[in-house]
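Q: take a look and give me a structure for this.
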Amino acid sequence: MSFRTTNGGPVAGIRFAFGTLTVLPVRVTHWDRDAARAGMLCAPLAGLVVGLFAAALGGVLTLLGSGPLLAAVATAAVPAALTRGLHLDGLADTADGLGSARPAEDALRIMKQSDIGPFGVITLLFVLLGQVAALYELYAQSWALGASGAAVGAVTARLALTLASRTGVPPARPEGLGAAVAGVVPVRMALLAAVLTGAACAGAGALLRPYGALHHAVAVAAGLGAAHLLLRHCVRRFGGVTGDVFGALAETAATVTLVALVLGQA
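A: Presented below is the predicted three-dimensional model:
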C-alpha cells in the first residue's frame with residue numbers, strides 16, 4: 001500500500017479513526033501515514049463514542065424496567081453493530097490462524113478466508129459470553145457501573161490499537177489495514193496516549209465509589225497487558241500484524257478490562 005505525504009491535520013486523524021474503526025458516517029479524506037498516525041492516536045476517542053452509545057442503550061433498557069441480563073446483552077451488541085462485527089471477525093480469523101499450527105504464510109491465508117473455522121467459533125462464543133457475564137455483574141450492582149464498564153472497555157479496546165500501531169511493530173502483509181497503520185505512532189506518543197487515557201478512565205472510576213480510580217486503572221492496565229501478550233505472540237507467529245490481529249487485540253482488551261472491573265467489586 002502506498003501513502004501520500006500530505007498532512008491532513010487533526011481533523012483528518014479524527015476522520016481516519018472514526019471512518020476505519022466505526023460505521024458512523026464519517027468519510028476518510030486523507031489516507032497517508034500522517035493521517036494514520038493521528039487516527040490511531042484518536043482511536044480511544046472513537047472507542048469512547050462507541051462505549052457511550054452502548055452505555056446509553058443499556059441505560060434506556062434499565063430505565064424501562066429491563067433486568068441486568070438484557071441490558072448486558074444489548075450493551076455488548078452495540079460495539080459489534082457499530083463496527084459491523086469487524087473486530088469480532090478479526091478475533092475469529094486470528095483464532096483460526098493461531099489454532100491452525102501452520103507456517104505463517106499458510107496461517108495468514110487461512111485468516112483471509114471468508115469462512116470461520118472451529119477455533120474461531122469457540123473463541124467468539126467464550127469471548128462474547130465473558131463480556132455479557134461481566135456486564136451483567138456490573139449492571140446487577142448499578143446502572144452507573146454497567147455504563148462505566150461499557151465505556152471503559154470500549155476505550156481500552158481502541159487504546160490497545162494505538163499501542164499496537166507503535167514504531168517497531170511490523171505488518172505481516174504489504175497491504176490491508178495492518179500495513180496502513182503498523183509502526184505509524186512513535187513509542188513516546190503511544191505511551192503518552194496510554195497515560196492520558198488511563199488517567200481519564202481512573203477519573204471516571206473515582207466518581208463511582210471509594211478506590212474506584214485504582215480499580216479502573218488496574219482494569220485498563222490488565223486489558224492492555226493481555227492485548228500486549230497477544231500482540232507479541234501474533235508478531236512471532238505471523239511476522240507482524242494484520243487488520244484481523246487488530247480486531248483480536250481490541251476484543252481481548254475489552255473482555256479482560258470488563259472482567260477486571262468485576263473482580264474485586266464489593
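
Q: what sits against A199?
A: Residues in contact with A199 (Cβ atoms under 8 Å, 6 or more residues apart in numbering) are A217. No exception for glycine: its C-beta is placed from N, CA and C like everyone else's.

Q: doesn't it fall inside a helix?
A: Yes - looking at A199 with DSSP: H, G, I helix; E, B strand; the rest coil, it is inside a helix.

Q: what's the helix or strand in which G13 is found in contact with?
A: Counting by DSSP states H and E, the element that carries G13 is helix 9-21. Helix 9-21 has contacts (Cβ under 8 Å, 6+ apart) with 8, 24, 26-31, 34-43, 45-47, 49, 83, 158, 161, 177.

Q: measure G19 to G247 for me?
A: 16 Å (Cβ to Cβ, to the nearest Å).

Q: quick one, strands of the stretch 51-200 of the chain?
A: Remark: no strands are assigned in the stretch 51-200 of the chain by DSSP state E, counting those that start in this stretch.

Q: can you pull out the helices in it?
A: 68-82, 86-99, 104-112, 118-141, 143-164, 177-181, 187-206 (DSSP state H, counting those that start in this stretch).

Q: for A144, grab the count of nearby residues.
A: Neighbours of A144 under the rule other Cβ atoms under 10 Å: 16.

Q: could you check the pLDDT of it?
A: Note on A144: pLDDT of 93.

Q: repeat that for the one 10 residues further on.
A: Model confidence at A154, expressed as pLDDT, equals 97.

Q: before we move on, what about the one 4 residues further on?
A: Turning to R158, the model gives it a pLDDT of 97.

Q: spatially nearest residue to it (excluding sequence neighbours)?
A: With sequence-adjacent residues excluded and distances taken as Cβ to Cβ, 6 or more residues apart in numbering, R158 is closest to G47, at 3.2 Å.

Q: pLDDT on the host helix or strand of that neighbour, on average?
A: Assigned by DSSP H and E, G47 belongs to helix 43-63. What helix 43-63 shows for mean pLDDT is 95.

Q: of all the residues in it, which ones are buried?
A: Across helix 43-63, burial judged by 16 or more other Cβ atoms under 10 Å covers 43-55, 57-59, 61-62.

Q: go on, stretch 255-266?
A: T255, V256, T257, L258, V259, A260, L261, V262.

Q: outside of that stretch itself, list whatever touches it.
A: With Cβ under 8 Å, 6+ apart, stretch 255-266 has contacts from 127, 130-131, 134-135, 137-138, 141, 145, 148-149, 152-153, 156-157, 209, 215-216, 218-220, 222-223, 225-227.
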